[in-house]
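sequence plus the predicted model coming up.
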Amino acid sequence: MQDREAAHFFVEKLNAEHPGAAHVCWALLAGGHSAAVDDGEPSGTAGRPMLEVLRHQDLESVLATVVRYFGGIKLGAGGLVRAYTDSVAQALLTAEKITLQRLTTLACSVPYAMEGWIRREIIQANATLIQVQHQASVRLEWQMPESESQVFIGHLNESGQGRIDWHKN
């Protein structure tokens with residue numbers, strides 16, 4: 001999940017699928033869009049504990065939801081916290097985790113004679129070419145892992161012998 005809007009959409013779908021549920025609590029860990037929702041449970045007994053489980057797992061862009069039906073036994077605040085944290089922790093044991101890689105966009109202009117060479121360099125770096133514009137010179141724009149960009153820029157600058165003009169994005 002990238003933001004609260006997407007999370008709200010998903011949670012509304014869960015509410016529709018489980019009309020008899022007492023609570024649909026959720027926690028979103030997505031940068032500045034993070035949220036913790038108790039959905040009628042006592043404050044701080046559901047959403048926030050779920051969010052803490054996500055934080056301790058070093059996750060990002062994740063939505064955790066728990067659909068709870070009332071079974072006739074009151075759990076108390078401590079029991080609720082344990083139930084919600086255990087539910088999320090158990091789900092994370094078997095959840096597929098995808099490594100996120102921060103990308104950066106780079107752009108430069110080169111003489112026409114260097115276009116083929118720089119295209120090959122971009123491909124060899126497993127970068128994604130986004131745009132090429134042919135004007136007085138060739139402007140190329142691509143994306144690549146942020147962690148590899150400085151070494152790649154250094155390599156291009158050295159091999160390009162000062163003929164590469166870099167653009168700020």
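Right, received. Where do you want to start?

show me where the protein has helices.
4-17, 47-56, 76-94, 115-124, 146-160 (DSSP state H).

turn these into a markdown table, including distance to V66.
Heads up, the C-betas are built off the backbone N, CA and C, glycines and all. As requested, these are exported to a markdown table (distance: least, Cβ to Cβ, whole Å):
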| stretch | distance to V66 |
| --- | --- |
| helix 4-17 | 10 |
| helix 47-56 | 7 |
| helix 76-94 | 5 |
| helix 115-124 | 45 |
| helix 146-160 | 34 |
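
tell me which of those sits most buried.
helix 47-56 (a mean of 19; mean count of other Cβ atoms under 10 Å).

can you list the low-confidence ranges for this protein?
For the chain, applying pLDDT under 70 flags the ranges 169.

surely I122 is in contact with E148?
No: applying Cβ atoms under 8 Å, one finds I122 not in contact with E148, separated by 11.9 Å.

rewinding a little: which of the helices of the chain sits closest to L63?
When those are compared for distance to L63 using Cβ to Cβ, the nearest one is helix 4-17, at 5.1 Å.

for L100, find the nearest of the helices of the chain.
Of all the helices of the chain, the one in closest proximity to L100, counting by Cβ to Cβ, is helix 146-160 (11.2 Å).

between helix 115-124 and that closest one, find me the angle.
150 degrees (axes from the mean of the first three to the mean of the last three Cα atoms, to 10 degrees).

helix 146-160 packs against which elements?
strand 103-110, helix 115-124 (3 or more Cβ pairs under 8 Å, 6 or more residues apart in numbering; DSSP states H and E).

now render these as a markdown table, adding distance to P19.
Converted to a markdown table, these look like this (distance: least, Cβ to Cβ, whole Å):
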| stretch | distance to P19 |
| --- | --- |
| strand 103-110 | 41 |
| helix 115-124 | 52 |
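
which one of the ones you listed lies closest to G31?
Nearest to G31, of all the helices and strands packed on helix 146-160, is strand 103-110, at 15.0 Å by Cβ to Cβ.

which of the residues in that closest one are buried?
For strand 103-110, a neighbour-count test (16 or more other Cβ atoms under 10 Å) marks T104, T105, L106, A107, C108, S109, V110 as buried.
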